[in-house]
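Peer 1: Please work out how this folds:
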Amino acid sequence: MKISVVGTGYVGLVSGTCFAETGVTVTCVDVNQEKISQLNKGIIPIYEPGLEDMVKRNVEKERLFFSTNLKESMVGAEVVFIAVGTPPDEDGSADLKHVLAVASEIGKHITSYMVIVNKSTVPVGTGLKVKAAIQQELDKRGANIPFDVASNPEFLKEGNAIEDFLKPDRIVVGVETEEAQKIMSKLYKPFVLNGHPIIFMDLFSSELTKYAANAMLATKISFMNDIANLCEIVGADVNLVRKGVGSDSRIGNKFIYPGAGYGGSCFPKDVKALIKTAQDNNHSLEILKSVENVNEKQKLVVYNKVRSFFNGNLKGKKIAVWGLSFKPNTDDMREAPSVVIIESLLKDGATVSAYDPVAMNEAKHILGDKIEYATSQYEATRNADALILITEWTEFRILNYAELEKTMNQKVIFDGRNIYEPEELKEQGYVYFSIGRKPMK
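Peer 2: Take a look at the predicted model:
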């Protein structure tokens, strides 16, 4: 079986590589010549555990190819995936110009029946727009070539994307015809042999499923963050509350860990897009508006704790920051709480020295020379007046108190992910602040 995947960003590259792993011949296509050149040299543009080795293995096996030529990649392909970006417009809606541009190109070059699949996160109704864009080009050509459009949203967690793709909780596919369903069933057969469900539905439902899933997860995060803030006010411990709540099988214990707010490429964008979709259809998603509002405020919770500790005067203070990516095991800093926190600290006159295991280059693109970039976590704490833990990378979980003793000016730690034990830090003489727990003084 041969397929094409248009777009070599996070979704496209992971999807194409994982399909190749099952024996499918895959060509990943991108208009960015430099990116394709790098991929052909084995240089991966994103950080995702296990991806680099899998790409190299499938390239060597001649199952995975990279190209800038969409027309050539379509020759003999049964399926073409559209996996390009859908960035938010100023009004929060998803920008579909890249998706529709690819659809038009497909319409110019299609020569035989194939299934065109939206893998990008797109609002309800996009499948019909893609179909219209392809048909428009066929009409210009005077060509009568049958095709189907399907929707196949991705549910990949950055940092665990390979495992998610190879062993999915579920596969959602929106189709309009039995032929499209048959081809998609064939393509996904290796992933459902162990009982993972493939759920076929109509296009509109599949498009909405992706947004609804991410919005539900974002809601759980914001809800627990709001409860954590209440815990501090009333004197409760959010970790205990979380355990009590999460033990209810109807709720579960995932996505109820309090922290500094959610970020990344999906949750913020998808919540905004779903709110906008509702507005366009004269409906108001009040819960999601609150979710978004809570999250924006939550990104400032750690900063407000720092500012309060120093009595509103951060001028001349050096703050060490551990963790810059929006979550561990990725270099993605899109909508990351770290950026909001750091910008706020700098605005108040503080200096910032930061360290992240993999996101340093990305941070330099975003923050430039505004901050110091340390080569290790303890270099970041040199002469620091306080330490902020923002991203819970594994290497940050156990503190080297001897190193902190040598490097820090003051023994003050702000834990934005609740990974440290208050009593232990108190015994070591630290002033410790967390999320939803009483400060230890």
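
Peer 1: low-scoring stretches of the stretch 301-441 of the chain, by residue?
Peer 2: 439-441 (pLDDT under 70).

Peer 1: hey, where'd the helices end up in it?
Peer 2: 301-309, 337-347, 360-367, 377-380, 401-407, 422-427 (DSSP state H, counting those that start in this stretch).

Peer 1: of these, which approaches residue 205 most closely?
Peer 2: helix 337-347 (32.9 Å; CB to CB). In this view, the C-beta of every residue, glycine as well, is placed from N, C-alpha and C.

Peer 1: so the closest one versus helix 301-309, what angle?
Peer 2: 30 degrees (axes from the mean of the first three to the mean of the last three CA atoms, to 10 degrees).

Peer 1: counting contacts, what elements does helix 337-347 pack onto?
Peer 2: Counting contacts by 3 or more CB pairs under 8 Å, 6 or more residues apart in numbering; DSSP states H and E, helix 337-347 packs against helix 301-309, strand 318-322, strand 351-355, helix 360-367.

Peer 1: ranking these by burial, who's on top?
Peer 2: With neighbours taken as mean count of other CB atoms under 10 Å, the helices and strands packed on helix 337-347 reach their highest mean count in strand 318-322, at a mean of 27.

Peer 1: Would you mind writing the CA trace of that one as CSV?
Peer 2: Provided in CSV are the C-alpha atoms of strand 318-322 (Å, rounded to 0.1, in the frame of the first residue of the first chain):
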residue,chain,number,x,y,z
LYS,A,318,18.1,36.9,39.9
ILE,A,319,15.5,34.1,39.4
ALA,A,320,16.5,30.7,38.2
VAL,A,321,14.0,28.8,36.0
TRP,A,322,14.0,25.1,35.5
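
Peer 1: distance between it and the chain's centre?
Peer 2: 24 Å (CA atoms, centre = their mean, to the nearest Å).

Peer 1: again with stretch 204-221
Peer 2: For stretch 204-221, the distance to the chain centre is 14 Å (CA atoms, centre = their mean).

Peer 1: returning to that earlier point: which among the helices of the stretch 301-441 of the chain is found nearest to residue 68?
Peer 2: helix 360-367 (23.7 Å).

Peer 1: orientation of that closest one relative to helix 337-347 in degrees?
Peer 2: 50 degrees.

Peer 1: Disregarding flanking residues, what is the spatial nearest neighbour of residue 437?
Peer 2: residue 237 (5.3 Å; CB to CB, 6 or more residues apart in numbering).

Peer 1: if we can go back for a sec, for residue 391, which of the helices of the stretch 301-441 of the chain is the nearest?
Peer 2: Nearest of the helices of the stretch 301-441 of the chain (CB to CB): helix 337-347, 6.8 Å.

Peer 1: which parts of that closest one are buried?
Peer 2: 337, 338, 339, 340, 341, 342, 344, 345, 346 (16 or more other CB atoms under 10 Å).

Peer 1: so which of the residues you listed comes closest to residue 114?
Peer 2: Distances from residue 114 to the buried residues of helix 337-347, taken by CB to CB, are shortest for residue 339, at 41.3 Å.
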